[in-house]
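Asks: Next comes the sequence, and after it the predicted model I'd like to discuss.
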Amino acid sequence: MKARFKYRIYPKPHQIVPLAKAFGCARVVWNDALAIYKKASSEGNPRPQGVDKQVITKAKKTEERAWLSEVSVVHLQQSFRDLQLAWNNFFKSKKGERKGKQVGSPKFKKKQSRQAIRFTQRGFTLHSNSVKIAKIGHIPMVVSRPLPCYPTSVTIIKDTAGRYFASFVVEINPEPMAKTDKSVGIDLGLNHFAILSDGEKIGNPRLHKNMLRRIKKANRRLSKAKKDSNRRKRRKLRLAKLHAKVKDSRNDFLHKLTTRLVRENQALAVENLNVSGMVKNRKLSRAISDAGWYSFRSILDAKCEKYGRDFVVIDRWEATSQKCSACGKHGGKKELNVRAWTCLHCGEQHDRDINAAKNIKAAGGLSEAQNGRGSEY
């Protein structure tokens, strides 16, 4: 299986300009090729061939694109291949040939957004505390943990907060953890981020909400700055740093939580929530986006695969909040403000969220009392 290892890098002052040129050239190749594809598509013509030669090889010989020769051709080719993949995925998704949510058409890249260039093994060399990039040189790198093997590619990233990262792709083997007889059902919420079937409630850090006052203030100050002024650039960077801090804190919380859950349980069950549909609720959209439910599920799935745990996703239409986890009888639909209820059939008193977590565990086949199949969990 493939895994990514991401490290912070610190380009030297004389490397900032070559990196900016590399980002800009890759962006231009992407945008030029996308413009050709979109024009052919709008005219009803098939996808043109030899576009890579047109936007790279032939473009270098023109006066307006001659500066493409100043950077490595490796990441220019990768930029075009990434566009090809995105274009193919768009049409496969449109025809129903691609699993998952339908993806949109590739978009033109902007200078102000996150920048990235990707190199194959031809374009970089890895050293103990640095990575050597073609036509840029050795860039110092903070190696927080060793790579399991030599990487197949590296992506150099500059985020909107002005930080640089090197993201390596490596091939790894699964690392099964010692087996345990515990299993857990996980119900995601807003008052508490996660409620476990054993009764534990994990608090919601509400990272964006806690930073919202400072973000709004930074937005107001940015809106008052003159366009293209140095003051506007400084205020824009300040706002980007606040958003980066929220993102980093959320990732830290999710990784620590998922690691603990995977370490403690042999099998884990979660509900297949329609997050994209739920965020359309204007009253809850900010809180749902702040929680990061989709990222939690993705990270948990990846770690279960890596460490040999069983990961079960139950159907979103399963009535986990309406059924009694003790007798299995349906108790009827309940409003969101009903946080506790008593079963009319068996008299069991339930906390709404813990009851839902128990039903998720049972629906995933992890509860012997409910599924009647003698599960080993």
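Replies: Looks like it came in fine.

Asks: who's the nearest residue to residue 6 once chain neighbours are set aside bridged to?
Replies: Once flanking residues are discounted, residue 6 sits nearest to residue 167: 4.6 Å by C-beta to C-beta, 6 or more residues apart in numbering. Where C-beta positions appear, they are placed from N, C-alpha and C, glycine not excepted. Taking DSSP bridges as the rule, residue 167 bridges to residue 6, residue 155.

Asks: So residue 167 is in contact with residue 152, correct?
Replies: No: with contact defined as C-beta atoms under 8 Å, residue 167 does not reach residue 152; the gap is 12.0 Å.

Asks: What pLDDT is listed against the residue nearest to residue 6?
Replies: pLDDT for residue 167: 98.

Asks: From residue 257, how far out is it?
Replies: Using C-beta to C-beta, to the nearest Å, residue 167 is found at 23 Å from residue 257.

Asks: Where does the prediction get shaky in the stretch 251-377 of the chain?
Replies: Within the stretch 251-377 of the chain, the segments meeting pLDDT under 70 span 367-377.

Asks: Start from the N-terminal end of it and give the strands.
Replies: 267-271, 310-314, 340-342, 349-351 (DSSP state E, counting those that start in this stretch).

Asks: highest average neighbour count across these?
Replies: Highest mean neighbour count among those (mean count of other C-beta atoms under 10 Å): strand 267-271, with a mean of 26.

Asks: Spatially nearest residue to the residue nearest the centre of the chain (excluding sequence neighbours)?
Replies: In the chain, the C-alpha nearest the mean C-alpha coordinate belongs to residue 295, at 5.8 Å (C-alpha atoms, centre = their mean). Closest residue in space to residue 295, ignoring its immediate chain neighbours: residue 254 at 5.8 Å, by C-beta to C-beta, 6+ apart.

Asks: got it, and residue 106?
Replies: Here the residue nearest residue 106, using C-beta to C-beta, 6+ apart, is residue 86, at 4.3 Å.

Asks: okay, now the one you found: neighbour count?
Replies: Using other C-beta atoms under 10 Å, the number of residues around residue 86 comes to 17.

Asks: was I right about the residue nearest to the centre of the chain contacting residue 250?
Replies: Yes: counting by C-beta under 8 Å, residue 250 is a contact partner of residue 295 at 7.5 Å.

Asks: Can you report how many residues neighbour the residue nearest to residue 6?
Replies: Neighbourhood size, residue 167 [other C-beta under 10 Å]: 16.

Asks: mind listing what it touches?
Replies: By C-beta atoms under 8 Å, 6 or more residues apart in numbering, residue 167 lies in contact with 4, 5, 6, 7, 154, 155, 157.

Asks: residues in contact with the fifth one?
Replies: This means residue 154. Contacts of residue 154 were listed using C-beta under 8 Å, 6+ apart, and they are 118, 119, 124, 126, 131, 133, 166, 167, 168, 169.
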